[in-house]
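A.B. asks: After the sequence you'll find the predicted model.
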Amino acid sequence: MKTLLELIAIGDDVGIILPQEMLDRLGVAAGDFIYAVATETTLFLTPLKPDAK
């Protein structure tokens, strides 16, 4: 699934709003924690610990 997301100013930080369809696919909801894994050119979001087997 590819979706264009807007970066939104939140105080001194920046955030994104994830569409409900993406949240459902990840199995997460407001208040849950997810991992962000960044490479040089890509950002991955996952509910799973990145080094989990």
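C.D. replies: That came in fine, so what should we check first?

A.B. asks: Give me the below-cutoff pLDDT ranges for this protein.
C.D. replies: Applying pLDDT under 70 to the chain picks out residues 52-53.

A.B. asks: show me what contacts residue 50?
C.D. replies: 35, 37 (Cβ atoms under 8 Å, 6 or more residues apart in numbering). To be clear about C-beta, it is placed using only N, CA and C from the backbone, and glycine gets the same treatment.

A.B. asks: Using the three-state scheme, assign it.
C.D. replies: Residue 50 carries the three-state label coil when classified by DSSP: H, G, I helix; E, B strand; the rest coil.

A.B. asks: separation between it and residue 34?
C.D. replies: 11 Å (Cβ to Cβ, to the nearest Å).

A.B. asks: Please apply the same query to residue 12.
C.D. replies: Distance, residue 12 to residue 34, using Cβ to Cβ: 21 Å.

A.B. asks: Between those two, which has more neighbouring residues?
C.D. replies: Under the criterion of other Cβ atoms under 10 Å, the comparison of residue 12 against residue 34 puts residue 34 first, with 13 against 5.

A.B. asks: can you tell me which residues contact that one?
C.D. replies: Going by Cβ under 8 Å, 6+ apart, residue 34 touches 26, 28, 45-47.

A.B. asks: ok, 6 Å please
C.D. replies: Residues in contact with residue 34, defined by Cβ atoms under 6 Å, 6 or more residues apart in numbering, are 28, 45, 47.

A.B. asks: Point out the ones among those that are inside strands.
C.D. replies: residue 45 (DSSP state E).

A.B. asks: Now the buried members of the contacts of residue 34.
C.D. replies: Neighbour counting with 16 or more other Cβ atoms under 10 Å marks residue 28 as buried within the contacts of residue 34.

A.B. asks: Could I get the contacts of residue 34 in TSV, plus columns for distance to residue 3?
C.D. replies: What follows is the contacts of residue 34, written out as TSV (distance: Cβ to Cβ, whole Å):
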residue	distance to residue 3
28	15
45	12
47	17
